[in-house]
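Mind looking at a prediction? Sequence and model below.
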Protein chains: 2
Amino acid sequence: MEQALAARLPAADAVPARLHEAMRYSVLGGGKRIRPALVFATGRAVGLHEEQVEAAACAIEMIHVYSLVHDDLPAMDDDDLRRGRPTCHKAFDEATAILVGDALQPLAFELLANDARLPADPAVRLKLVQLLAMASGTFGMVGGQAIDLSVEGRRISIEEVEDLHARKTGALIRVSVMMAAACQPQLPAELTARLLKYSQAIGLAFQIQDDLLDVLGDTATLGKAAGADSMHNKPTHPAMIGIEASQERVKLLHAEALAALEPFGDKADALRLLAEWLLKRNH
Amino acid sequence: MEQALAARLPAADAVPARLHEAMRYSVLGGGKRIRPALVFATGRAVGLHEEQVEAAACAIEMIHVYSLVHDDLPAMDDDDLRRGRPTCHKAFDEATAILVGDALQPLAFELLANDARLPADPAVRLKLVQLLAMASGTFGMVGGQAIDLSVEGRRISIEEVEDLHARKTGALIRVSVMMAAACQPQLPAELTARLLKYSQAIGLAFQIQDDLLDVLGDTATLGKAAGADSMHNKPTHPAMIGIEASQERVKLLHAEALAALEPFGDKADALRLLAEWLLKRNH
């Protein structure tokens, strides 16, 4: 994945060099690469080779990274550390960090239009553009960000919390699965619907697990300040329904995700492993 | 154009309401709509109806507006006024302004993928995605922004200034013409090349004219602080080659633009009028 991303980012010596350097710093800074892993695992489940979905994985990861870079800005979460290193605006400057995010978005869409390894069919590629655009916009990721800002310190219902999660983190997780599925236009609608169920279940479970780790984890394991969310009084499942009920919810969602994969047989083993890893991880 | 944009923006009462309100405030805030006008005029020159290029015009304008919203941020140009009204981060807040820009980008690409009135051929739509993505990225508009930040107060050559202009303002002006041309896939390559020449000439001339107005205009006519560029010591044609030579350059580029349109006959009259208006305007 590092190689795939590095090859698709502008060279650090091309003008404007500082911006390109900051883009490479931000995208190639490690991270768990959960979304690309979901793309590849789904590709396997629907019978595609890795290279056929590689550009989709890169495009989604670029959108994810841009959202982290903007999220970390002083006017947003004001974070100094990300993945154990200075955040983009700390390592470079605030204006550059804004432009890094602004530049990663069109690069993601350019990949979907131009990348030589994706399926050539323009209808497939256009579908990928549509899916990624909708997952990134106000009814997806950015909308989740906006809701998150608006609820800080305010009492909201568990339904609102789940709408927030479905957009803020869920949209990109779902689209990782659905874009890989869209690269296989022969996939029957019934199996596409199964994959959507899987992605919805692990999307929400992943966020609850994240919030559980935030309460239970310690700073050293996480590489970021533990307890930051409850400190900012953000609405989470552990805070609203308690730790045990949250753990139970994760287990149920995990079972739902596995049930959805049944008709894929052992071709979905990578998706099963990912669900296991995402929901039992400790960082 | 106001109606076309209003119909394609998320409703102000849909969640997240404040973000949608801020998007509508920013996009529907007037402005000269130069890029949409170029899209429609080019559409006419290549024999298309207005509605066939309307979504392309909206997509480009959304990219343009997002760049203004981010440009006005405290970490960038730190402007309080835009089109005679408070800038987005002043009327709302900084986090919202960041998200407005972040949300307008995917909305632009979503339009190109989904809009019912654009030519249905997915190959045409994918070409539009490709053109808009490349014009918006680091080798287009955002790259121009980054170069602009990096040259402030530093001596650069006239070639560097023209590279900056070709990206920062030129890329979206060129792509306004080229996207409309791409909506007509039967257009002979020779005529596409002619339109590219036209768009390159007016793109540069437009920027020089803007810089001339900045020196010669007064605050009341412009609706923004006159002389702001020279104050910030930004490299411009008037500052580097003088006012008269800059005016001469605009005239030559205007003649170039008109010459490029010759084979289109009177179908290109709207493009001719636009060139005239852009290069002889006083605000």
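That came through, no problem.

What residues does the stretch 151-283 of chain A have near chain B?
For the stretch 151-283 of chain A, the residues in contact with chain B (Cβ under 8 Å from any Cβ of the partner chain) are A:D163. C-beta here means a position set from N, CA and C on the backbone, and glycine is covered the same way.

Now the stretch 151-283 of chain A against chain B: closest residue?
Residue nearest to chain B within the stretch 151-283 of chain A (Cβ to the nearest Cβ): A:D163, separated by 7.4 Å.

Check the gap between that residue and A:A146 for me.
For A:D163, the distance to A:A146 (Cβ to Cβ, to the nearest Å) stands at 12 Å.

between those two, which one's more packed in?
A direct count of neighbours by other Cβ atoms under 10 Å in any protein chain shown for A:D163 and A:A146 places A:A146 higher, at 27 against 18.

per-residue confidence averaged over the strand or helix carrying the more buried one?
Per DSSP states H and E: A:A146 is located in helix A:141-151. Mean pLDDT, helix A:141-151: 94.

packing partners for that helix?
Helix A:141-151 is packed against helix A:50-71, helix A:158-165, helix A:171-182, helix B:17-27, helix B:94-114, with contacts defined by 3 or more Cβ pairs under 8 Å, 6 or more residues apart in numbering or on different chains; DSSP states H and E.

which one of the ones you listed has the lowest average pLDDT?
Among those, helix A:158-165 scores lowest, with a mean of 92.

in that helix, what counts as buried?
Buried residues in helix A:158-165, counted by 16 or more other Cβ atoms under 10 Å in any protein chain shown: A:V161, A:D163, A:L164, A:H165.

could you dump the helices and strands packed on helix A:141-151 to JSON lines with distance to A:D102?
Converted to JSON lines, the helices and strands packed on helix A:141-151 look like this (distance: least, Cβ to Cβ, whole Å):
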{"stretch": "helix A:50-71", "distance to A:D102": "8"}
{"stretch": "helix A:158-165", "distance to A:D102": "24"}
{"stretch": "helix A:171-182", "distance to A:D102": "18"}
{"stretch": "helix B:17-27", "distance to A:D102": "15"}
{"stretch": "helix B:94-114", "distance to A:D102": "7"}
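
A:S136 is nearest to which of the ones you listed?
Nearest to A:S136 among those is helix B:94-114; the distance by Cβ to Cβ comes to 4.0 Å.

Quick one: list the elements packing against that closest one.
So helix B:94-114, by 3+ Cβ pairs under 8 Å, 6+ apart, packs with helix A:50-71, helix A:94-114, helix A:122-136, helix A:141-151, helix B:17-27, helix B:50-71, helix B:88-91, helix B:122-136.

Would the fifth one count as contacting chain A?
Read that as helix B:17-27. Yes - judged by Cβ under 8 Å from any Cβ, helix B:17-27 comes into contact with chain A at B:R18, B:L19, B:H20, B:M23.

quick check, nearest of those residues to A:D79?
With Cβ to Cβ as the yardstick, the closest approach to A:D79 among the residues of helix B:17-27 next to chain A comes from B:L19, at 21.1 Å.

Please tell me how far the closest one sits from B:K267.
41 Å.

Looking only at neighbour counts, state which of the two leads.
Higher neighbour count among B:L19 and B:K267: B:L19, with 27 against 14, using other Cβ under 10 Å.

Chain neighbours aside, what residue packs nearest to that one?
Of all residues beyond its chain neighbours, the one nearest B:L19 is A:A146 (3.9 Å), with distances taken as Cβ to Cβ, 6 or more residues apart in numbering or on different chains.

quick one: that neighbour and B:I98 touch, right?
No - the pair A:A146 / B:I98 is not scored as a contact, 10.1 Å apart, by Cβ atoms under 8 Å.

picking up where we left off before, for the residues of helix B:17-27 next to chain A, could you give me CSV that also reports distance to A:K32?
Shown next, in CSV, are these (distance: Cβ to Cβ, whole Å):
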residue, distance to A:K32
B:R18, 32
B:L19, 28
B:H20, 32
B:M23, 32
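
Just the buried subset of those residues, please.
Buried by 16+ other Cβ under 10 Å: B:R18, B:L19, B:H20, B:M23, out of the residues of helix B:17-27 next to chain A.

And the furthest pair within those?
So, those by Cβ to Cβ: farthest apart are B:R18 and B:M23, at 9.9 Å.
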